[in-house]
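Q: Pasting the sequence and the predicted coordinates here, then a few questions.
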Amino acid sequence: MTELRALIFDVDGTLAETERDAHRPAFNRAFADAGLDWNWSVEFYGKLLEVAGGKERIRHYIEKYQSNFPLPGDLDGFVAELHAGKTRHFRQLVGDRIEPRKGVRRLLQEAREEGMRLAIATTSAQKNVEALLKRAIAPESLSWFDAIGAGDMVAEKKPAPDIYHYVLEKLNLQPEECLAIEDSHQGLLAARSADLTTIITLNDYTRNQDFSGAALVLDSLGEPDAPFTVLAGNADDATYFDLALARQLHRGV
Ligand code: XBP
Ligand code: MG
């Protein structure tokens with residue numbers, strides 16, 4: 001039986017509620033800086049999340065919702081500049097208002113104590129991951145992760161499996177030695193296409209998505225004094241997600 005050796009975390013929506021409270025307002029601030037009257041509401045942003053990647057999301061928005069916008073000659077350059085501004089705002093916002101989701105600190109701590117390796121697989125830019133880890137988790141937390149796969153390091157973003165393949169290669173582990181933790185349908189598709197056992201901690205944006213294929217679907221990782229709700233799968237009598245439950249799910253595959 002293969003041993004579980006690493007946990008691979010998605011970032012946005014999984015480690016913290018960054019989409020609603022940091023990415024979205026960061027896009028809006030970058031639009032305002034550029035003199036654009038584009039403003040993405042909390043609800044509308046949920047639709048835009050169908051497209052992974054910030055640059056890809058801006059481009060999709062222009063094509064689908066701003067068809068009268070006079071396209072600049074260098075559209076790639078225009079989008080890249082907006083996105084660079086958005087990344088600067090994101091780093092500021094993440095320091096000001098983002099906390100990790102319930103159970104994240106506890107699980108990371110337990111993994112470190114038990115020598116379980118940690119990794120990140122995200123669509124978001126590397127600078128964003130670094131800012132989130134340093135500011136919302138712990139100043140030195142970047143060093144806890146043996147592999148960080150982020151943003152443009154791969155050609156195809158989630159739901160393609162590329163970022164998970166990248167991380168598995170960096171870890172020098174097989175998929176059956178790892179467990180992925182995601183919050184979205186697209187993330188689940190990416191992880192499952194890379195043959196990873198995957199658990200889901202959903203949030204308001206992803207609540208109604210299809211999570212078939214997930215080993216377990218939870219409303220959060222939970223805490224000893226704040227139990228999770230199991231929406232699909234079997235957690236036996238566990239009330240929060242820890243390494244014992246991770247190993248149990250891993251063995252059950
Ligand atoms: C997050 C994303 C990203 C962020 C924006 O995916 O889809 O596009 O919304 O980040 P995941 P960038 O949950 O897989 O991390 O602007 O840096 O692309
Ligand atoms: Mg996510």
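A: Now that the structure is in, tell me what you want to look at. Predicted model, so just to flag it, every value in this text is computed and none were measured. Ligands and ions are numbered 1, 2, ... in the order given.
Q: which residue sits closest to residue 170, ignoring its sequence neighbours?
A: Once flanking residues are discounted, residue 170 sits nearest to residue 147: 3.6 Å by CB to CB, 6 or more residues apart in numbering. For glycine as for every other residue, the C-beta is placed from the backbone atoms N, C-alpha and C.
Q: interface residues of the stretch 101-250 of the chain facing ligand 2?
A: Proximity of the stretch 101-250 of the chain to ligand 2 (CB under 5 Å from the ion) is limited to residues 183-184, 187.
Q: Rebuild the residues you listed as CSV, extending it with neighbour count and pLDDT.
A: As requested, those are exported to CSV (neighbours: other CB atoms under 10 Å; pLDDT from 0 to 100):
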residue, neighbour count, pLDDT
183, 26, 97
184, 26, 96
187, 29, 97
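Q: Mind checking which of those residues land in strands?
A: Counting by DSSP state E, those place none of their members in strands.
Q: How about stretch 60-75, which residues are buried there?
A: Buried positions in stretch 60-75, judged by neighbour count with 16 or more other CB atoms under 10 Å: 61-62.
Q: Oh, that last question was meant for stretch 230-244, not what I typed.
A: For stretch 230-244, a neighbour-count test (16+ other CB under 10 Å) marks 230, 235, 238-243 as buried.
Q: now do stretch 51-60
A: 51-55, 57-59.
Q: Skipping adjacent residues, who's closest to residue 232 in space?
A: Excluding the flanking residues, the one nearest residue 232 by CB to CB, 6+ apart is residue 217, at 4.0 Å.
Q: and the nearest residue to residue 135 once chain neighbours are set aside, helix, strand or coil?
A: Of all residues not flanking residue 135 in the chain, residue 95 sits nearest, at 4.2 Å (CB to CB, 6+ apart). Under DSSP: H, G, I helix; E, B strand; the rest coil, the three-state class of residue 95 is helix.
Q: How many residues are close by residue 95?
A: Other residues near residue 95 come to 14 when the count uses other CB atoms under 10 Å.
Q: Return the residues in contact with the residue of the stretch 1-150 of the chain found nearest ligand 1.
A: For the stretch 1-150 of the chain, the residue closest to ligand 1 is residue 54, as judged by CB to the nearest ligand atom, at 2.0 Å. Neighbouring residues of residue 54 by CB atoms under 8 Å, 6 or more residues apart in numbering: 23, 27, 83, 86-87, 124-125.
Q: switch the cut-off to 10 Å
A: 23, 26-27, 30, 79, 82-83, 86-87, 90, 123-125, 128, 151 (CB atoms under 10 Å, 6 or more residues apart in numbering).
Q: related to what we said a few turns ago, let's see which of the residues of the stretch 101-250 of the chain next to ligand 2 end up in helices.
A: residue 187 (DSSP state H).
Q: if we look at ligand 1, which of the residues of the stretch 101-250 of the chain next to ligand 2 are close to it?
A: residue 187 (CB under 6 Å from any ligand atom).
Q: mind checking pLDDT for residue 97?
A: We have a pLDDT of 81 for residue 97.
Q: ok, residue 199 to ligand 2 distance?
A: 13 Å (CB to the ion, to the nearest Å).
Q: same deal with residue 164?
A: Residue 164 sits 13 Å away from ligand 2, going by CB to the ion.
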